[in-house]
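Engineer: would you be able to build a 3D model of this:
(4 chains)
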2 protein chains.
Amino acid sequence: MTEKKLTLRLDFHSGLPIYTQIVNQIQSQLANGRLKPGDQLPTVRALAQELRVNFNTVARAYRILDEARIISTQQGRGTYITEIPPPNISEKLRNESLEALTQRFINEAFRLGFFEKEISQMVRDSLKVRKEAQNKQKENAK
Amino acid sequence: MTEKKLTLRLDFHSGLPIYTQIVNQIQSQLANGRLKPGDQLPTVRALAQELRVNFNTVARAYRILDEARIISTQQGRGTYITEIPPPNISEKLRNESLEALTQRFINEAFRLGFFEKEISQMVRDSLKVRKEAQNKQKENAK
DNA sequence: GTACAATGATACAATTAGTACAATCAGGAT
DNA sequence: ATCCTGATTGTACTAATTGTATCATTGTAC
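Structural biologist: Okay, the predicted model is just below:
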């Protein structure tokens, strides 16, 4: 029915545990609207098969999300996105989510052979460019 | 999966430490294409058994290669050749690749509702933590 | 014989997989 | 309706497989 395909892409060499990758990707799909409150997630077994992973690994990811009240897992029924979720996600969780995202980015950059200086410089530049673009938008809006 | 046989030939009388020989041979197999980025190496125990050597000796070799960013060892999962940009890609291309990665990261962070200050602060913190962890590793390695 | 580097032994931690179980629901038989 | 039965769901606990940390032993150079 309301079952989503939920196409996740795992990187088995990234250094991030699989269950963490699943948690992160579901969170971001919720953030960007690909998943909405009330949506049913695939069953632990279905998602596990699709990702070629043991279903307990998926169950672990679901448990973490459940404890964060982002999803609601119900034995014998299935797993659903919580109806009234992230507005009340705590500051701690919010911070952890950014931290995880940043870790992923930095690990990837190092894995690709970049150095600390290059990375921080590029982040500064990119943020600056983005900011300028926004300012320009505002000026035009006048 | 993509596990290679990785036939190494040790010389126990050469005077070169075993772990050094392992390091050298893996490096040269990477250089001549027998090993490619993304390949999974044998587990420390498997390779140790094959070479009739203690697995800590293999682990030591792996640690050296890991610190040199040639391989990536992941507790509970295995050891992989890191995916580095081909050495022949131009500086420009290299830069663009980091830029693209950074853009993705920043876009994602903004989508998740974080602000510029939070993002740059988190990047600084994460880089700092990583640096300190590495320094600690080096000290221990002495 | 002392010092130091190399190797080995042992115990540990993180991640993922295996197995058995419990809750829920759908369908039919009575 | 009520009860069974089987399928499907998530849960709990355990085992297996991985790399890590620490200290002991060995062997060689001085």
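Engineer: may I have the helix or strand that A:Arg63 is a member of as PDB, with CA atoms only?
Structural biologist: Element membership of A:Arg63, judged by DSSP states H and E, is helix A:55-67. Extracted C-alpha coordinates of helix A:55-67, given in PDB (Å, rounded to 0.1, in the frame of the first residue of the first chain):
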ATOM      1  CA  PHE A  55      17.700  -8.500   8.900                       C
ATOM      2  CA  ASN A  56      19.100  -7.900  12.400                       C
ATOM      3  CA  THR A  57      21.200  -5.100  11.000                       C
ATOM      4  CA  VAL A  58      18.100  -3.400   9.700                       C
ATOM      5  CA  ALA A  59      16.300  -4.200  13.000                       C
ATOM      6  CA  ARG A  60      19.100  -2.400  14.900                       C
ATOM      7  CA  ALA A  61      18.800   0.700  12.700                       C
ATOM      8  CA  TYR A  62      15.000   0.600  13.200                       C
ATOM      9  CA  ARG A  63      15.500   0.300  16.900                       C
ATOM     10  CA  ILE A  64      17.700   3.300  17.100                       C
ATOM     11  CA  LEU A  65      15.200   5.400  15.100                       C
ATOM     12  CA  ASP A  66      12.400   4.000  17.300                       C
ATOM     13  CA  GLU A  67      14.200   5.100  20.400                       C
END
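Engineer: which strands or helices does the least confident helix or strand in chain A by mean pLDDT pack on?
Structural biologist: When the helices and strands of chain A are compared on mean pLDDT, DSSP states H and E, helix A:91-111 comes out lowest with a mean of 74. Applying 3 or more C-beta pairs under 8 Å, 6 or more residues apart in numbering or on different chains; DSSP states H and E, we find helix A:91-111 packed against helix A:18-31, helix A:116-141, helix B:91-111, helix B:116-141. The C-beta positions use only the backbone N, C-alpha and C, and glycine is treated the same way.
Engineer: what strand or helix carries A:Leu47?
Structural biologist: In the assignment (DSSP H and E), A:Leu47 maps to helix A:44-51.
Engineer: is there proximity between that helix and DNA strand D?
Structural biologist: Yes. Judged by C-beta under 7 Å from any atom of the strand, helix A:44-51 and DNA strand D are in contact via A:Val44, A:Arg45, A:Ala46.
Engineer: quick one: buried ones out of those residues?
Structural biologist: A:Val44 (16 or more other C-beta atoms under 10 Å in any protein chain shown).
Engineer: what's the closest of the residues of helix A:44-51 next to DNA strand D to chain B?
Structural biologist: Of all the residues of helix A:44-51 next to DNA strand D, chain B sits closest to A:Val44, with 20.0 Å by C-beta to the nearest C-beta.
Engineer: local confidence estimate at A:Phe12?
Structural biologist: Per-residue pLDDT puts A:Phe12 at 79.
Engineer: distance of it relative to B:Val44?
Structural biologist: Per C-beta to C-beta, to the nearest Å, A:Phe12 is found 18 Å from B:Val44.
Engineer: for chain B, tell me which of the residues of helix A:44-51 next to DNA strand D show up nearby.
Structural biologist: With C-beta under 8 Å from any C-beta of the partner chain as the criterion, no member of those is in contact with chain B.
Engineer: ok, is the helix holding A:Arg63 in contact with chain B or not?
Structural biologist: No. Helix A:55-67 is not in contact with chain B by C-beta under 8 Å from any C-beta; minimum separation 11.5 Å.
Engineer: can you name every helix or strand that that helix contacts?
Structural biologist: Counting by 3+ C-beta pairs under 8 Å, 6+ apart, helix A:55-67 packs on helix A:18-31, helix A:44-51, strand A:71-74.
Engineer: quickly check: it near DNA strand C or not.
Structural biologist: Yes. Under the criterion of C-beta under 7 Å from any atom of the strand, DNA strand C is reached by helix A:55-67 at A:Asn56, A:Thr57, A:Arg60.
Engineer: ok, the last one touching A:Tyr19?
Structural biologist: Yes. In terms of C-beta atoms under 8 Å, A:Arg60 counts as a neighbour of A:Tyr19; the distance is 4.4 Å.
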